[in-house]
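Colleague: Generate coordinates for the sequence data below:
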Amino acid sequence: MYIEFILKKGILCEATIDHRQHSITVSRSGVKLEIPPGAVTSGKRKYVYVGVSWVDADRCNSIDGKRRVSPVVVCGPPGTKFNKPVILSFPHCVKYDEDQPCPLKVLWKNTNGGKRGGDKWTECSDEDTTLRVAIGENRCVVYTEHFTKYTCVCEQVDHPHEYLRLSVMAYHTVRSLTMPINVRVYIGNANPDEKEYIKREERDLRGTISDSTKFINLHGNSDLHINVEVESEGYQCKGDDNRNRWKYIALRITRNGKSWFAIVSS
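Modeller: Got it, this is the predicted structure:
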């Protein structure tokens, strides 16, 4: 059992754990903390929390010249230690050529009074015996014995085989054919948890999704500025009978002169 809070500084899930297995998932973010049996001494209990930081000093787009491509994940209380590694996983939004060296690095940030390298982002090293990192197609996995902040950066975002992956999800409310089409457009990281959250919200609003989620590939390391505008809207017929008409709206998504389109239809 854990409790989730949405705060000005981020999203936070907290729990009190014991020697048994525990799993904590932070909604909308794709962040998950798994604590194996025996990580806490039998008969002992620990208060822990995990979440996503929205603090400006943490979520800066660039860290030492490298672009941040994942949430800043907070595990605490700072300095909390375990008998065996716990498993922290979170999504990243970079697609890269698997035949090339992986351009992604996981960083940790000391939050325990400067006792371990100062208040500075540091690359997770193979020489550090207290943690191990695995980076997959969509996620970073950190096996660690102590709590701090973690994030993922990309060293070569302007490489031609790399791009940031974002998804466009557009919904409209089903109404009479004579009513205007109201459209809600979501642009976010292409991770399943975030998309599932949007779908749940739209089910409450009785919204209808487009035929599929649209993906846009963003090359380069310039700041992200996206403009979304309505290209066209109206009705089309599937046959001679007007009762078979369906609504549609075409959205133009533009970044730095390059355009993508998302067609929304009922």
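Colleague: Spatially central residue in this protein, please.
Modeller: The centroid of the chain falls nearest to residue 29 when counting by CA atoms, centre = their mean (4.7 Å).
Colleague: residues in contact with residue 201?
Modeller: When the contact criterion is CB atoms under 8 Å, 6 or more residues apart in numbering, residue 201 has no partners at all. The way it works is simple: take the backbone N, C-alpha and C, and place the C-beta from them, glycine included.
Colleague: Doesn't residue 23 belong to a helix?
Modeller: No: using DSSP: H, G, I helix; E, B strand; the rest coil, the assignment for residue 23 is strand, not a helix.
Colleague: what sits against it?
Modeller: 32, 33, 34, 35.
Colleague: Of those residues, just say which sits nearest to residue 144.
Modeller: When the contacts of residue 23 are compared for distance to residue 144 (CB to CB), residue 33 wins out at 10.1 Å.
Colleague: so the closest one is in which element?
Modeller: Secondary structure assignment for residue 33, by DSSP states H and E: strand 31-35.
Colleague: first to last residue in stretch 135-154, what's the distance?
Modeller: End-to-end span of stretch 135-154 (CA to CA, to the nearest Å): 12 Å.
Colleague: Then stretch 78-98?
Modeller: 35 Å.
Colleague: Could you list the buried residues of that stretch?
Modeller: 78, 80, 82, 85-96 (16 or more other CB atoms under 10 Å).
Colleague: now the helices: where do they sit in the stretch 1-150 of the chain?
Modeller: Counting by DSSP state H, counting those that start in this stretch, one finds no helices in the stretch 1-150 of the chain.
Colleague: what's near enough to touch the closest residue to residue 80 other than its chain neighbours?
Modeller: Counting by CB to CB, 6 or more residues apart in numbering, residue 147 is the residue found nearest to residue 80 once chain neighbours are left out, at 4.2 Å. By CB under 8 Å, 6+ apart, residue 147 lies in contact with 48, 75, 76, 77, 78, 79, 80, 81.
Colleague: from the residues you listed, which single one is nearest residue 124?
Modeller: Of all the contacts of residue 147, residue 75 has the smallest distance to residue 124: 13.7 Å, by CB to CB.
Colleague: my read: that closest one touches residue 148, true?
Modeller: Yes: checked against CB atoms under 8 Å, the pair residue 75 and residue 148 is within contact range at 6.5 Å.
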